[in-house]
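**Q** Output the structure for:
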Amino acid sequence: MIKASRYKYSEWIWMTVLALMFASPLDAFAAEPLTIAQAQQAALGANPRLMVAKLDAVAASHKTKEAMGKHFGTIDAVGIYNYYERDRIVVPMSVELFANPSLGMSQLPWDRNQWHYGIVWEIPLLAGGSLYEGEYIARLSQKALEDTAIFTSDEVRYNVRAAYRNALILRHALKAVTAYREALQKDMADAQMKVELGAWPQVNATKIAFALESAKAQEEGLRNQLNTAMAMLAALMGREPPPDGYELSDIPEEPQPPAVQGASLKDIALNGRKDLMAVQEGTLIAERKKRLTLEAFGPRLSLGGNYLRNDAPSLHDDLETYEITLLLKIPLWDGLQKVFAVKEANADMLASREREKGKRLEIAQQAADAEGRLKTARAAFDAGKAQRRLGAEVAQVEHLKLLEGKGKTEDYLAARASEMQGDAAYWQGLYSYQSAVDYLNFVISAGGNHE
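**A** Just a heads-up that it's a prediction; the model follows:
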C-alpha cells in the first residue's frame, strides 16, 4: 500500500501537485499499440511451443500415411555388378540352357564380369500384426498429437491473455506510484526551502526524504516488473519485446462466468479436456503395442519376386530371368527377445494407465481451484470497486475543504494517494476477475477454445 507522509508545507503547493497527479507518467511505454485480441491472435500464429505441437501433429499425419502404405509392399529397381576370381555362370542353371544337346558345358554363359539389373518386389501377406496394428497405432498417435495441439492452443490463449492483464495491473500500479513520487519531489523542494528559512525543523524534511526514496524504490521495482511482463507477453507471441514495450489498452468490461458450479465443473472438464483425451489415447497405444508384441510370436508370410536382365562380355544378348517366391517364417528362437518385449510393453501399458489416472486427478484439482479462484477474485473485485468509490469521495471532500480553507494539504494529498490506491485496486480486481473467468473456461474447455 502507498502511504502519504504526514508533514506541513505551504498551501500554494497543492495546485502544482494536483496537476502532476493528473499527468500521464507512462508516455515512455506508449510505443507499439497492442490490444488483447491482437496479442491472442499473434500468439496463436507464432508461439513456439504451439508451433511445435502443430508440427508434431502434421508429422504424425504423415506417419499414418506411411503405415497405410506398408500394406502395398515394396518395389525396388536394382543393379548389380560382379567381378569374380574366375568365370562363373551368368544366370542360374536351368534346363533351357541345355536345349541344344550338341553344346557342352563350355558353351554355357560363363564370365567373370557380370551385370544384373531389373526390379524386385515384396508384398506382406501375414506380418504378425505389424500391418493392422501398426496402422491403428499410427492413427491413435496422430489423434493424440492433434488433441495435444488443441490443448496447447487453449493453454497459450489463456496464458497470453493472463500475461496481458498482468501487464495492465502493473501499469496502473506504476502510474499511481509515479504520480505519488512526483508529488513528493515537489514537497521535498518546498521542505528544503522551509528548513532554510527556519520555518521547519530538519526532521520534517528528513521524513519527506525517506518517503521520497521509498517511493522511488517502489517505482523502480514496478517498472522492472512491467518490463518483465512485457518481455513475457512478447515471448508468448513468439517475438522479441520492442525497445519501449507495448501500449496496452484497458479492458473495462466485467466478465460473465459460465453458469456451472460444484461437481459439474469437474465432470465438464473430464469430458472435454483435450489433454486428457491425448493421455487416454496414449493408454490405448500402449495396449495395442502390447498386443503387437504378442502377435509377433505368430508366423509371417510374404509374396516376393524379381525380374532381372543379365549381361556379360561373353553374351551377345541379355538373358532374362524372373522368379516368384512365397516365404513362410515361423519364429522358433530369438534369445527370448520377444518375451522381454512383452514384459516391456506390459510395463509401458501400466505406466500409461497411471498417467491417465494422474491426469484425471489433476483436472479435478484444477476444477476445484478454478471455482475457488473465481469466488476470491469476485470478492476482491467488489472490494476494489468499493475502495475506488471511497477514495474518490474522500478526495473530493478533502479538495472542497482545502478550497474553503478548512482542510490541510497533507490530508488532501493523503486522500489523493488513497484515491490512486483505490483506482489501482479496482483495475487489479477487475483484471484478476477476468483472468479467473478465463482460467475457469480453460479448465472446462469452454468459451469456444476449439475453433
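**Q** Poorly predicted segments of the stretch 101-250 of the chain, please.
**A** The model of the stretch 101-250 of the chain has pLDDT under 70 over residues 101-104, 106.
**Q** Can you report phi and psi for the nearest residue to residue 127 once chain neighbours are set aside?
**A** Distances taken as C-beta to C-beta, 6 or more residues apart in numbering place residue 300 nearest to residue 127, at 5.8 Å, with adjacent residues excluded. Any C-beta I mention is one placed from the backbone N, CA and C, and that applies to glycine too. Main-chain dihedrals, residue 300, degrees, to the nearest 10: phi -130, psi 140.
**Q** repeat for residue 112
**A** phi -90, psi -20.
**Q** can you check the one 4 residues further on too?
**A** Main-chain dihedrals, residue 116, degrees, to the nearest 10: phi -130, psi 130.
**Q** Equivalent analysis for the one 10 residues further on, please.
**A** Per-residue torsions, residue 126: phi -140, psi 110 (degrees, to the nearest 10).
**Q** Repeat that for residue 246.
**A** phi -120, psi 150.
**Q** Report the beta-bridge partner residues of it.
**A** residue 32 (DSSP bridges).
**Q** and it, how many neighbours?
**A** For residue 246, the tally of surrounding residues (other C-beta atoms under 10 Å) stands at 24.
**Q** That one contacts residue 38, correct?
**A** No: the pair residue 246 / residue 38 is not scored as a contact, 9.6 Å apart, by C-beta atoms under 8 Å.
**Q** For residue 377, what is the enclosing helix or strand?
**A** Using DSSP states H and E, residue 377 maps to helix 337-403.
**Q** Counting by contacts, list what the helix or strand immediately after that helix in the chain packs against.
**A** The helix or strand immediately downstream of helix 337-403 is helix 409-443, counting by DSSP H and E. With contacts taken as 3 or more C-beta pairs under 8 Å, 6 or more residues apart in numbering; DSSP states H and E, helix 409-443 sits against helix 13-22, helix 130-197, helix 263-272, helix 337-403.
**Q** got the angle for helix 409-443 vs helix 263-272?
**A** 50 degrees (axes from the mean of the first three to the mean of the last three C-alpha atoms, to 10 degrees).
**Q** which intervals of the stretch 351-451 of the chain have sub-threshold pLDDT?
**A** 402-403, 405, 407-409, 413, 447-451.
**Q** Swap in 80 and give it another go.
**A** Counting by pLDDT under 80, the stretch 351-451 of the chain has low-confidence residues at 395, 398-399, 401-417, 420, 446-451.
**Q** Per-residue pLDDT of residue 8, please?
**A** According to the prediction, residue 8 has pLDDT 37.
**Q** Please apply the same query to residue 78.
**A** 97.
**Q** Strand partners (parallel or antiparallel) of the helix or strand encompassing it?
**A** Using DSSP H and E, residue 78 maps to strand 74-89. Neighbouring strands of strand 74-89 in its sheet, by DSSP bridges, are strand 110-127 (antiparallel).
**Q** Other residues contacting stretch 40-48?
**A** 50, 153, 156-157, 159-161, 236-239 (C-beta atoms under 8 Å, 6 or more residues apart in numbering).
**Q** Turn those into a markdown table, including distance to residue 277 and neighbour count.
**A** Converted to a markdown table, the contacts of stretch 40-48 look like this (distance: C-beta to C-beta, whole Å; neighbours: other C-beta atoms under 10 Å):
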| residue | distance to residue 277 | neighbour count |
| --- | --- | --- |
| 50 | 18 | 21 |
| 153 | 14 | 20 |
| 156 | 18 | 22 |
| 157 | 18 | 22 |
| 159 | 20 | 18 |
| 160 | 23 | 23 |
| 161 | 23 | 23 |
| 236 | 24 | 25 |
| 237 | 27 | 25 |
| 238 | 26 | 17 |
| 239 | 31 | 14 |
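**Q** Pick out the most distant pair among these.
**A** 153 and 239 (17.8 Å; C-beta to C-beta).
**Q** Residue 331: what secondary structure?
**A** The local conformation at residue 331, judged by DSSP: H, G, I helix; E, B strand; the rest coil, is coil.
**Q** ok, how many other residues are close to the nearest residue to it once chain neighbours are set aside?
**A** Distances taken as C-beta to C-beta, 6+ apart place residue 297 nearest to residue 331, at 6.4 Å, with adjacent residues excluded. Neighbourhood size, residue 297 [other C-beta under 10 Å]: 14.
**Q** could you give the mean pLDDT of stretch 336-344?
**A** For stretch 336-344, the per-residue pLDDT averages 93.
**Q** begin at 437 from here
**A** Understood, numbering begins at 437; the last thing we discussed is stretch 772-780.
**Q** contact partners of that stretch?
**A** By C-beta under 8 Å, 6+ apart, stretch 772-780 touches 726, 729-730, 732-733, 767.
**Q** Recalculate using a threshold of 10 Å.
**A** 564, 725-730, 732-733, 767, 770 (C-beta atoms under 10 Å, 6 or more residues apart in numbering).
**Q** With secondary structure and distance to residue 516 added, can I get the residues you listed in TSV?
**A** Below are the contacts of stretch 772-780 laid out as TSV (DSSP: H, G, I helix; E, B strand; the rest coil; distance: C-beta to C-beta, whole Å):
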residue	secondary structure	distance to residue 516
564	coil	30
725	helix	38
726	helix	41
727	helix	40
728	helix	35
729	helix	36
730	helix	39
732	coil	32
733	coil	35
767	coil	30
770	coil	30
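**Q** If anything else comes up later, I'll come back, but that's it for now.
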